[in-house]
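Novice: Generate coordinates for the sequence data below:
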Amino acid sequence: MYSEAAMSETIEVVAEGGVTSARGFVAGAVRARMREDWDKLDVALLYSETPCTAAGVYTQCNVVAAPVVITRKHLADGKARAVIANSGCANAATGERGTRDAVEMAQLAAARLGLDPHEVVVASTGVIGIFLPMERMRHAIEAVELSAGGGLAFAQGIMTTDTRPKQSAVRFGEYTLGGACKGAGMIHPNMATMLAYVTTDAPVAAPFLSRTLKDAVAVSFNMIDVDSDTSTNDMLVVLANGVAGGEEIAEGHPMASAFASALTHVCTELAKAIVADAEGGSKVIEATVVGAASAEDARLAAREVVRSLAVKTAVYGHDPNWGRVLAAVGNSGCRMEEAKTGLWLVDRDGHELCLLENGSPQPLAAGAAKPHFEALEVRFRVDLGLGKEEATAWGSDLTEEYVRLNSLYTT
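Specialist: Numbers count the residues shown, from 1 in each chain. Here you go, the predicted structure:
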């Protein structure tokens, strides 16, 4: 599992890095007006100059968008080389025509790049239940200009209600790994997030890539919440082209741990960026659960705290009603014993204010907890006192602005 200590020893953050920070990747985006009332980059293309091993994780919603269905098929052999993505239209709940359109997106990108269509990942995000304007898509794919500096444009081209692009990249040894994602609403992922793409110039064996991706997702994208909704279009895809050379990284390789740490770091940074840009959000909530009897218990409890509407609204209103945190833990399904449970507020410098110890509330000076709730990041630490496992989750508060945005999204 990724740790801050491991990162500090083996990983160097790449300033303003993204999906083209790794060697051999180019990208770009154009304005195609996939949604007529939007005038922004909305068709994005990412391409590796050499073949890649690839792995993906996908939405667990039972309404699955056509591009997700096609991408699953294309990545079944653990290989891919390009991503074609659009915002503004999800191409979800669109029946047989939606499937044909997703296939055509792959074919168009493949023709542009000289690839087999099965080497192309297809992605869409936006409004559910409307058809893609394929004539605009055809022109857009031909118009995208690809470059090693096009990573930012790619990140912008997949945005919907996001207020800013989300990117991250690191170097580890001779290798670079970078990523971009989008997401601000419909975020309570059971796999990844709305759309996320990670690239690396390291040579990585497909089975190892798949396993480390799932491990990274478990502690990053699967630990965030905005509004308890999982999208129809969620996917996270990793491409490894091996351009930097060297022996293939697999289990037991000297760089295996460093690769896993790099992947987890980038996924975590991207996931936290989604929470920080949540629709209508004004604060980030961080819940760390320690002393759990199992890793699953720790994750259940931490996720429930950040998804609780009672906690979200208390944080938004600066109301130090910390009993809501305790109730969320109790409702999470984790193993817990109230008499062994502790709860603290943690400020930005790591100083802790004890609210509950061994199941008993602690004496506090009047107003002592309120400044913690007024901070831009509100941090809770829960100790279940039952074991050694721990987990951290991140969420946003719930505001009137979230309701306004989501009541007017298509109008």
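
Novice: mind listing what residue 197 touches?
Specialist: By C-beta atoms under 8 Å, 6 or more residues apart in numbering, residue 197 lies in contact with 19, 46, 83, 85, 121, 154, 179-181, 236-239. Placement of C-beta: from N, CA and C, glycine included.

Novice: ok, the helix or strand where it lies: who's next to it in the sheet?
Specialist: Following DSSP states H and E, one finds residue 197 within strand 195-200. Partner strands and pairing direction for strand 195-200 (DSSP bridges) are strand 175-182 (antiparallel), strand 235-240 (parallel).

Novice: residues of stretch 97-117 that come out buried?
Specialist: Buried residues in stretch 97-117, defined by neighbour count with 16 or more other C-beta atoms under 10 Å: 98-99, 101-110, 112-113, 115, 117.

Novice: ok, so of those, who is nearest residue 387?
Specialist: residue 102 (45.2 Å; C-beta to C-beta).

Novice: My read is that that closest one contacts residue 70, right?
Specialist: Yes: if you go by C-beta atoms under 8 Å, residue 102 and residue 70 touch, sitting 4.5 Å apart.

Novice: shared neighbours of these two, anything?
Specialist: residue 122.

Novice: mind checking how far the closest residue to residue 34 other than its chain neighbours is from residue 44?
Specialist: Nearest residue to residue 34 in three dimensions, chain neighbours excluded: residue 88, at 3.6 Å (C-beta to C-beta, 6 or more residues apart in numbering). Separation of residue 88 from residue 44 (C-beta to C-beta, to the nearest Å): 11 Å.

Novice: Once you drop chain neighbours, what's closest to residue 339?
Specialist: residue 359 (4.1 Å).

Novice: hang on, I meant residue 73
Specialist: Counting by C-beta to C-beta, 6+ apart, the residue nearest residue 73 is residue 118, at 7.7 Å.

Novice: what kind of secondary structure is the one you found in?
Specialist: Three-state call for residue 118 (DSSP: H, G, I helix; E, B strand; the rest coil): helix.

Novice: tell me the contacts of it?
Specialist: Going by C-beta under 8 Å, 6+ apart, residue 118 touches 73-74, 77, 106.

Novice: Tell me the helix or strand right after the longest helix that the chain contains.
Specialist: In the chain, with assignment by DSSP state H, the single longest helix is helix 256-276. Once the chain leaves helix 256-276, the next helix or strand it forms, by DSSP H and E, is strand 284-292.

Novice: Using CSV, write down the CA coordinates of that following strand.
Specialist: Output of strand 284-292 as CSV, limited to C-alpha atoms (Å, rounded to 0.1, in the frame of the first residue of the first chain):
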residue,chain,number,x,y,z
VAL,A,284,-13.3,19.4,2.0
ILE,A,285,-14.1,16.9,4.7
GLU,A,286,-11.3,14.4,5.6
ALA,A,287,-12.1,11.3,7.7
THR,A,288,-9.4,9.1,9.0
VAL,A,289,-10.4,5.9,10.8
VAL,A,290,-7.7,4.1,12.8
GLY,A,291,-7.8,1.1,15.1
ALA,A,292,-10.2,-0.9,12.9
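
Novice: Give the rounded mean pLDDT of that strand.
Specialist: Strand 284-292 carries an average pLDDT of 98.

Novice: residues in contact with the helix or strand following it?
Specialist: Using DSSP H and E, the next helix or strand after strand 284-292 towards the C-terminus is helix 295-307. Contacts with helix 295-307, where a contact means C-beta under 8 Å, 6+ apart, come from 188, 218, 222-225, 228, 285-290, 292, 311-312, 325, 328-329, 331-336, 380, 382, 384, 386-387, 389-395.

Novice: and the gap between the residue nearest to residue 107 when sequence neighbours are not counted and residue 108?
Specialist: Spatial nearest neighbour of residue 107, excluding adjacent residues (C-beta to C-beta, 6+ apart): residue 117 at 4.8 Å. Distance of residue 117 to residue 108, given as C-beta to C-beta: 9 Å.

Novice: Residue 199 too?
Specialist: In terms of C-beta to C-beta, residue 199 sits 21 Å off from residue 108.

Novice: about what we covered before: quick one: pLDDT of the residue nearest to residue 73?
Specialist: 98.

Novice: For the strands paired with strand 195-200, could you give me JSON lines that also reports mean neighbour count, mean pLDDT and distance to residue 319?
Specialist: Listed next are the strands paired with strand 195-200 as JSON lines, based on neighbours: other C-beta atoms under 10 Å; pLDDT from 0 to 100; distance: least, C-beta to C-beta, whole Å:
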{"stretch": "strand 175-182", "mean neighbour count": "28", "mean pLDDT": "98", "distance to residue 319": "32"}
{"stretch": "strand 235-240", "mean neighbour count": "28", "mean pLDDT": "97", "distance to residue 319": "35"}
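
Novice: Same list, those, but as a markdown table with distance to residue 276 please.
Specialist: Output for the strands paired with strand 195-200, formatted as a markdown table (distance: least, C-beta to C-beta, whole Å):
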| stretch | distance to residue 276 |
| --- | --- |
| strand 175-182 | 12 |
| strand 235-240 | 18 |
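
Novice: Where do the domain boundaries of the protein fall?
Specialist: Following automatic domain parsing, one finds the domains of the chain at 4-276, 284-407.

Novice: Buried deepest among those domains, which one?
Specialist: Of these, the one with the most neighbours on average (mean count of other C-beta atoms under 10 Å) is domain 4-276, at a mean of 21.

Novice: Quick one: distance of it to the chain centre.
Specialist: Centroid separation for domain 4-276 versus its chain: 10 Å, with C-alpha atoms, centre = their mean, to the nearest Å.
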